[in-house]
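S.K.: Prediction below, plus the sequence it came from.
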Amino acid sequence: FCQFSSEYRTRRPGRGAMRIALGLCSTVLGLPWYSFAKPNGTVTVAAQGEHAEWTGTQARGKVAKPGVEKAREFFVLPGAVPHLQEWQEVAKTTVFEEHADEVDNKAAYEKYLISRGKTTGEGKVLAKVLKPLVFRVESVARREYSCAECVVCHAYLRSYQPGERRDNPPHFDMEAYATFVASLSPASNFTGGIYIQQNASRASGEYLALQAGDILGHRYDLSHGVEVMDGGRFTIILWLSNSPGACAEGHSPWYVEEGVVHKDPDALWNAGLLFKRGAAGFSQSHEKAAQMFKSAADLGHAQALNNLGLAYSEGDGVPRSPEEALMLWKKSANLGYVQGMLNYASTIERAGEDGAKTAVEWYTIAAERERSPTGARYLAEAYTVGKGGLRQDYEEGVKWFLRAGDLGDTKSLVKAALLYQALNRYAESIRLLSRASKLGEVDALYEVGRAYERGLGVSADIVKAMKYYGMAAKSGHEQALQRYKEVKEQVGQEL
């Protein structure tokens, strides 16, 4: 099996090196519009009509897949983005829209160019540069995956700029048969970027040093994430379906062939998720979902172990068994999957002081090694009340609530602010509340109102207090609405 070029391999800061097989490779290209040149492992995409020729050295990589000999594979086509300079100008001038990310429903800054196989208005404007990219990606996918009908189903520009969300936690692109990522930004423009997971633990991730113009290709089974720590990055993401029909209908039939038939653990897990939801052409069946999770779990799939644990915990498609759920979550946790850690720890925490101590150990691993905002919040709560062998320590509580906030849990910023008040550090409290309110945290608006009403870190100002109570009330905060009415009655004033 050909191996992955060391020039693309960079160590993830603060992480152990990931064992990706290294080296260069060439590949025979089977479709008629390709030609193959053997010297130096060169791959050529021959010109066809309006589509220009491209020649380059294809680099490959792989990481182990649980329970089977088959690997999770990926490759890079260096400098393969057509019309790179035009795309770079497009990215700089695009007004990105805030969408809910498919991974965690948090804000992402994107501009869709193709949706369900149809070009959007913006995509039509960019047809001159979009068509050659789509042609190249589809051509490579059809050859690479022996998928004669592979088509780009969705394509969008994504921005990771200062002031925007610049991370995307480890995930699989379950909506896609294959994913292609076209890098538009020079590597010198940012620190970090896309990373590839060796296993379920985020700590196993290693950055891939993509240069402007490089294209990364992989299947749905590659766990990866994004973290831009400094600077900014633009990419074009293209999700492919295995046929125009599957794309148009929003179906994912490949999980049946690769999961149910060939027992691929990643396909089995995805099939389980789709059976559970009744989505992408899968009729809803909690029993079938549990069967898929079990088949993948038996192969050592960390995420499937967690999902099967949830099924036993809730009696969802299987007889309810809290004991079985706990055992499965522990296995998932030991394989490095952070959600398995949190489910196991939050359950065992209720089993007396020894259980609480074990839970705190897992929360610490989740917070420190896995950089989980939920793990950091649970650890902060343990310090705040002094449980699991920890002494009560508001300073440590603040530290971990702030860590959770920095990782995207805005409610933890409010909790840190309230601990600052308990420590009589009111100026720091109001700064945090202001930050959280600007991020849309409704509880923060209510607490800013209370601060103005009571003069905590700011000069007492009942008018401003009512303003913030009113803002929180309009967003559905019941306590804010009640307090707004009470203050209004007391002062006899309307804003």
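M.R.: Yep, that arrived.

S.K.: And the helices in the stretch 1-150 of the chain, which stretches?
M.R.: Assigned by DSSP state H, counting those that start in this stretch, the helices in the stretch 1-150 of the chain fall at 84-93, 121-125, 127-144.

S.K.: Select, out of these, the one closest to Glu428.
M.R.: helix 84-93 (37.2 Å; Cβ to Cβ). Any C-beta I mention is one placed from the backbone N, CA and C, and that applies to glycine too.

S.K.: Now do the same contact list for the nearest residue to Asn307 once chain neighbours are set aside.
M.R.: Spatial nearest neighbour of Asn307, excluding adjacent residues (Cβ to Cβ, 6 or more residues apart in numbering): Phe293 at 4.7 Å. Counting by Cβ atoms under 8 Å, 6 or more residues apart in numbering, Phe293 touches Leu268, Trp269, Gly272, Ala304, Asn307, Leu308, Ala311.

S.K.: any idea which helix or strand carries Phe293?
M.R.: Per DSSP states H and E, Phe293 falls inside helix 286-298.

S.K.: can you check Ala248 too?
M.R.: Using DSSP H and E, Ala248 falls within helix 244-249.

S.K.: next structured bit after that helix?
M.R.: Next in line after helix 244-249, if elements are assigned by DSSP H and E, sits helix 254-255.

S.K.: I'd like to know which elements that next one is packed against.
M.R.: helix 265-277 (3 or more Cβ pairs under 8 Å, 6 or more residues apart in numbering; DSSP states H and E).

S.K.: helices or strands up against the helix it packs on?
M.R.: Looks like helix 265-277 contacts helix 254-255, helix 286-298, helix 302-314 (3+ Cβ pairs under 8 Å, 6+ apart).

S.K.: Kindly provide the distance from the closest residue to Gly231 other than its chain neighbours to Lys111.
M.R.: Once flanking residues are discounted, Gly231 sits nearest to Phe190: 3.4 Å by Cβ to Cβ, 6+ apart. Going from Phe190 to Lys111 by Cβ to Cβ, to the nearest Å gives 19 Å.

S.K.: quick one: least confident helix or strand in this protein?
M.R.: Every helix and strand in the chain was compared by mean pLDDT, DSSP states H and E; the lowest is strand 34-37, with a mean of 26.

S.K.: returning to what we had before: quick one: which of the contacts of Phe293 is nearest to Leu379?
M.R.: Asn307 (24.5 Å).

S.K.: if I read this right, that closest one contacts Ala271, doesn't it?
M.R.: No: checked against Cβ atoms under 8 Å, the pair Asn307 and Ala271 is beyond contact range at 11.4 Å.

S.K.: Look at those two and report which has more neighbours.
M.R.: Ala271 (28 against 25; other Cβ atoms under 10 Å).

S.K.: is it true that the more buried one touches Val261?
M.R.: No: with contacts counted by Cβ under 8 Å, Ala271 stays clear of Val261, the gap being 10.6 Å.

S.K.: how about the nearest residue to Ala155, chain neighbours excluded?
M.R.: Ile114 (4.0 Å).

S.K.: Show the contacting residues for the one you found.
M.R.: Taking Cβ under 8 Å, 6+ apart as the test, what Ile114 contacts is Thr120, Gly123, Leu130, Val134, Val152, Cys153, His154, Ala155, Tyr156, Leu238.

S.K.: in the sheet, who's paired with the last one?
M.R.: According to DSSP bridges, Ala155, Phe180 are recorded as the beta-bridge partners of Leu238.
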